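[1] Sequence unavailable; structure follows:
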């Protein structure tokens, strides 16, 4: 039985790749072929769908918007979560456990609950339809997650490291930036990856907070799908392109990803 | 836990986090609470209504049905994803060149935007031109997920299994990788069967990560919105209208702010209760 164990992940990976293959297959077909025939490989191979995306500003602009707010959110979330995670992992202070639970409860708040109030809040402060609005709104669930993962990684670092540095006369921030952060570099990488991932895949809030100027690619897709009829090839090409940034980022953290998914707690 | 130094400076370090999250959490939450106790006839005129909306929501069969569908959905996907994820993790290679390849491929679905996941399954399942829909109909199964509630449910569950089993696999795999080789050698010397190894070595070591997996899946499946709305739109009829979908229909579709806000709060309290249980289980593990 052991000899055939590899079949289990192999079959699962085939299952994982099947919808992705079908998406790619459709993205290289023209509308006539998609609607008129059923082919496992594109008969009239075309890059027309991709060409349209890369030349039409409403399409490639969507990608730039998405990448823009995702990058902003990742930098913001990780940089504020680092000191906070340190405090949670090293210090006991008034209300620390309650505060940690309150942070986590926001990770668990259904975005549907917040969609309408978010719209009103960000309209009121004049940030509606900007990338900053989406980057800030995604902090709601990304900061708690970042604090949580980083706290896991930091608790794995022996406290002797801190004590030795302070005995040697390092000021706190110098120790934190020069010694402590490099020590948990892998954890920071994994955290950034998770923030990127959850901001990249979220649509409900991103769509609610934008209209024209900062519209994310995912919203461009849903709106195009409903307004300009049945351009499935274009939709498939746009979808296929959204897989690339994730695949690119995942490659960099491939050695730490398992530990990261366990939130640093293995 | 006991080795932490009492130091109120901790508050200074967490302050930026508290400010940013509170801005996003407390102001919208207050807005929701505000709406939930008022009635409006438009033009920004509001009347205080007390708990009327809460009573209405708690007694409405619509909310009960959405909640039942939600519980059914969450139950089914947990029953499939957790055992399947553990089985795949057990069979994955532990070392060698295949490890990275497997991990990257398995993690792929987690990094695809949720509406693209919905669109992808939509294209796959279309009865006339999708690979899955066409194949099922070709082998004689009458399948049309836009018309048959059962087919819609099956497609929705297949999609969620595709999307999220990887999370369980990665968590379980992380737990398994943390088991030292000495444990397996000792088991081999004792002549333990693979069943005993699983029961007494692997399962206890995976307990913590599996707790995380079960509860993350539990909560995230309770919030699921984008994938079903793209795939089925909550249909056919209301067959796949889960809690989030129903809420957005009431809030943005009908603009019934009062009932929507009351429903939001009840919904949020359910999730909060679950996250409290989650947190208690987690910290109990940390003490041991």
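    Looks like it came in fine. Just so it is clear, the structure is predicted and the values come from calculations on it, not from any experiment.
[2] quick one: the helices in the stretch 151-266 of chain A?
    A:160-167, A:172-175, A:181-183, A:185-201, A:204-208, A:217-227, A:232-252, A:257-261 (DSSP state H, counting those that start in this stretch).
[3] now the second one, how far from the chain's geometric center?
    Helix A:172-175 has its average C-alpha position 30 Å from the chain's average C-alpha position, going by Cα atoms, centre = their mean, to the nearest Å.
[4] pLDDT-wise, which helix or strand of chain B ranks last?
    Each helix and strand of chain B was given a mean pLDDT (mean pLDDT, DSSP states H and E); the minimum falls on strand B:46-48 at a mean of 68.
[5] Taking the stretch 101-250 of chain A, what residue is nearest to chain B?
    Relative to chain B, the nearest point of the stretch 101-250 of chain A is residue A:246 (2.8 Å; Cβ to the nearest Cβ). Just so you know, the C-beta spots here come from the backbone N, C-alpha and C atoms, and that holds for glycine as well.
[6] was I right about that residue contacting residue A:199?
    No: checked against Cβ atoms under 8 Å, the pair residue A:246 and residue A:199 is beyond contact range at 11.3 Å.
[7] Please tell me the pLDDT value assigned to the spatially most central residue of chain A.
    In chain A, the residue lying closest to the centroid (Cα atoms, centre = their mean) is residue A:197, at 1.8 Å. For residue A:197, the pLDDT comes out at 87.
[8] Tally up the residues packed near the closest residue to it other than its chain neighbours, please.
    In space, and not counting its chain neighbours, residue A:197 is closest to residue B:111: 5.6 Å by Cβ to Cβ, 6 or more residues apart in numbering or on different chains. Using other Cβ atoms under 10 Å in any protein chain shown, residue B:111 has 23 other residues around it.
[9] mind listing what residue B:111 touches?
    A:197, A:200, A:201, A:243, A:246, A:247, A:249, A:250 (Cβ atoms under 8 Å, 6 or more residues apart in numbering or on different chains).
[10] Report pLDDT for residue 114.
    Here I'm looking at chain A. 77.
[11] please go with chain B instead
    88.
[12] what do you get for residue B:80?
    As predicted, residue B:80 sits at a pLDDT of 95.
[13] do residue B:85 as well
    pLDDT recorded at residue B:85 is 93.
[14] Next: the one 5 residues further on.
    Residue B:90 is assigned a predicted lDDT (pLDDT) of 89.
[15] Now name the helix or strand holding it.
    According to DSSP states H and E, residue B:90 maps onto helix B:61-91.
[16] Residue B:91 and residue B:198, how far apart?
    12 Å (Cβ to Cβ, to the nearest Å).
[17] out of those two, which sits in the busier spot?
    Legend: neighbour count by other Cβ under 10 Å for residue B:91 and residue B:198, higher for residue B:91 (18 against 14).
[18] wait, isn't the more buried one in contact with residue A:3?
    No: the criterion here is Cβ under 8 Å, and residue B:91 misses it with residue A:3 at 11.4 Å.
[19] Please tell me I have it right and residue A:208 contacts residue A:115.
    Yes: counting by Cβ under 8 Å, residue A:208 touches residue A:115, with 4.7 Å between them.
[20] so where's chain B shaky on pLDDT?
    Applying pLDDT under 70 to chain B picks out residues B:1-3, B:40-47, B:49-50, B:253-255, B:275, B:278-279, B:282-283, B:285-288.
[21] Quick check: the residue of it nearest chain A.
    Closest point on chain B to chain A, by Cβ to the nearest Cβ, is residue B:111, at 2.8 Å.
[22] host element of residue 119?
    Just so you know, I chose chain A. Using DSSP H and E, residue A:119 falls in helix A:111-124.
[23] hmm, I had chain B in mind actually
    Following DSSP H and E, one finds residue B:119 within helix B:114-125.
[24] now the helices of the stretch 151-266 of chain A in a markdown table, with distance to residue A:106?
    Shown next, in a markdown table, are the helices of the stretch 151-266 of chain A (distance: least, Cβ to Cβ, whole Å):
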| stretch | distance to residue A:106 |
| --- | --- |
| helix A:160-167 | 29 |
| helix A:172-175 | 27 |
| helix A:181-183 | 25 |
| helix A:185-201 | 13 |
| helix A:204-208 | 13 |
| helix A:217-227 | 22 |
| helix A:232-252 | 24 |
| helix A:257-261 | 20 |
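[25] Can you get me a residue count around residue 54?
    The chain I'm using is chain A. 12.
[26] my bad, chain B
    For residue B:54, using other Cβ under 10 Å, the count is 19.
[27] unless I'm mixing things up, it is touching residue B:264, no?
    No: Residue B:54 lies out of contact with residue B:264 (Cβ under 8 Å); the separation is 11.0 Å.
[28] joint contacts of those two?
    Residues touching both residue B:54 and residue B:264 by Cβ under 8 Å, 6+ apart: residue B:36.
[29] Could I get the contacting residues of residue B:77?
    Taking Cβ under 8 Å, 6+ apart, one finds B:157, B:160, B:161, B:164, B:217, B:221 in contact with residue B:77.
[30] Low-confidence stretches in chain A?
    A:1-2, A:223-230, A:257-266.
[31] what's next to the one helix or strand residue B:229 maps to, contact-wise?
    Residue B:229 is part of helix B:226-231, with elements assigned from DSSP H and E. By Cβ under 8 Å, 6+ apart, the residues outside helix B:226-231 that reach it are A:203-204, A:222, B:114-115, B:117-119, B:121-122, B:125, B:145, B:155-156, B:159-160, B:163, B:234, B:240, B:242, B:245, B:248.
[32] and with 6 Å instead?
    A:203, B:114, B:115, B:117, B:118, B:119, B:121, B:122, B:156, B:240, B:245 (Cβ atoms under 6 Å, 6 or more residues apart in numbering or on different chains).
[33] Could you do stretch A:118-138 as well?
    Here stretch A:118-138 makes contact (Cβ under 6 Å, 6+ apart) with A:68-69, A:72-73, A:199, A:205-206, A:208-211, A:213-214, B:27-28.
[34] now do 7 Å
    Here stretch A:118-138 makes contact (Cβ atoms under 7 Å, 6 or more residues apart in numbering or on different chains) with A:65, A:68-69, A:72-73, A:76, A:199, A:202, A:205-206, A:208-214, B:24, B:27-28, B:31.
[35] buried sites along it?
    For stretch A:118-138, the neighbour count (16 or more other Cβ atoms under 10 Å in any protein chain shown) marks A:118-119, A:121-122, A:127-138 as buried.
[36] Tell me the residues of the stretch 51-200 of chain B that contact chain A?
    Residues of the stretch 51-200 of chain B found near chain A (Cβ under 7 Å from any Cβ of the partner chain) are B:87-88, B:91-92, B:100, B:102-116, B:119-121, B:123-124, B:129, B:131, B:134, B:162, B:167, B:170-171, B:173-175, B:177-178.
[37] of the residues you listed, buried ones?
    Buried among these by 16+ other Cβ under 10 Å: B:87-88, B:91-92, B:102-116, B:119-121, B:123-124, B:129, B:131, B:134, B:162, B:167, B:170-171, B:173-175, B:177-178.
[38] in a strand, that's where residue B:233 is, yeah?
    No: counting by DSSP: H, G, I helix; E, B strand; the rest coil, residue B:233 is not found in a strand; it is coil.
[39] Distance-wise, check residue B:83 relative to residue A:138.
    According to Cβ to Cβ, residue B:83 and residue A:138 sit 33 Å apart.
[40] That should have said residue A:237, apologies.
    Taking Cβ to Cβ, one finds residue A:237 at 26 Å from residue A:138.
[41] related to what we said a few turns ago, neighbour count winner among residue A:246 and residue A:199?
    The neighbour comparison of residue A:246 against residue A:199 (other Cβ under 10 Å) goes to residue A:199, with 26 against 21.
[42] show me the contacts for the more buried one.
    A:70, A:73, A:74, A:138, A:142.
[43] Need the three-state assignment for the second one.
    The one in question is residue A:73. Assignment for residue A:73 (three-state DSSP): helix.
[44] burial measure for it, as a count.
    Residue A:73 has 26 nearby residues by other Cβ under 10 Å.
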